[in-house]
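J.: 3D model of this:
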Amino acid sequence: MPSSKPLRERENDSDAELAAATRDGDTRALAALYGRFGTRLIAVAYRLVFSVQDAEDVLHDVFVGLPEALRRYDERGALEGWLRQITARVALTKLRDERDGQRVSLDLATIHATRSLDHVGNIALHAAVAALPASLRSVLVLKEIEGFSHAEIGELLGISAGASQVRLHRALRQLRTALSEGEHP
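T.: Okay, here's the model as predicted:
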């Protein structure tokens with residue numbers, strides 16, 4: 001039976017306590033997990049899908065399925081790392097589903113709203129990353145930003161660790177080319 005512990009008390013629980021309570025159907029524990037990890041997980045999703053709306057959809061899907069997913073969580077690593085992997089999987093699935101000839105949209109309004117004009121280089125980098133093919137962008141984000149190993153990336157994407165390394169190399173080469181072309185109009 002789910003606990004009737006108030007949300008403000010749940011916020012002080014450990015990750016393991018919140019995971020166990022969420023698994024058992026405690027919505028306050030689920031809300032506490034969302035409060036604890038939501039911002040970091042939406043950042044992971046956004047870096048992969050490059051759309052605020054799609055990132056929010058990914059986060060929603062992760063948390064809707066979390067009680068069921070926690071039944072399969074074996075608690076071998078940190079909960080946050082496991083949640084990042086789940087978020088990456090959901091985001092990658094969303095990208096695969098949208099790969100029917102449509103390109104994932106780059107939310108330029110968000111870029112301009114969150115960056116000042118002093119950060120033109122960051123905007124150029126962001127745009128260059130967004131312009132990468134999804135297969136290269138996914139590896140780049142997972143490796144260089146999220147810190148996954150090539151073996152973990154291979155498992156997430158269904159490719160070998162070697163293929164992950166090759167894709168990262170290609171992504172970095174394309175980024176260097178795109179950014180150097182941007183320097184010389």
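
J.: Please list all residues in contact with the residue nearest to the spatial centre of the chain.
T.: The centroid of the chain falls nearest to V44 when counting by CA atoms, centre = their mean (2.4 Å). Going by CB atoms under 8 Å, 6 or more residues apart in numbering, V44 touches 84, 87-88, 91, 146. For every residue, glycine as well, the C-beta is placed using N, CA and C.

J.: Please check those and keep the buried ones.
T.: 84, 87-88, 91, 146 (16 or more other CB atoms under 10 Å).

J.: on that earlier part again, list the buried residues for whichever helix or strand the residue nearest to the centre of the chain is part of?
T.: Using DSSP states H and E, V44 maps to helix 27-49. By neighbour count on 16+ other CB under 10 Å, the buried set for helix 27-49 is 28-34, 36-37, 41-49.

J.: Ok, stretch 9-19 next?
T.: Quick answer for stretch 9-19 (16+ other CB under 10 Å): 10, 13, 15, 17-19.

J.: State whether Q165 and I153 are indeed in contact, as I suppose.
T.: No: applying CB atoms under 8 Å as the test, Q165 and I153 come out as separate, 9.1 Å apart.

J.: In contact with the closest residue to F37 other than its chain neighbours: list those residues for me.
T.: The shortest distance from F37 to any non-neighbouring residue, by CB to CB, 6 or more residues apart in numbering, is to L83 (5.5 Å). When the contact criterion is CB under 8 Å, 6+ apart, the partners of L83 are 33, 37, 41, 62.

J.: low pLDDT regions in this structure?
T.: The chain contains residues with pLDDT under 70 at 1-4, 7, 99-122, 182-185.

J.: And it, what are its domain boundaries?
T.: For the chain, automatic domain parsing gives the domain ranges 1-102, 115-185.

J.: Helices - which of the buried residues of stretch 9-19 land there?
T.: Mapping these onto helices (DSSP state H) picks out 10, 15, 17-19.

J.: What's the local residue count around G162?
T.: By other CB atoms under 10 Å, the residues close to G162 number 10.
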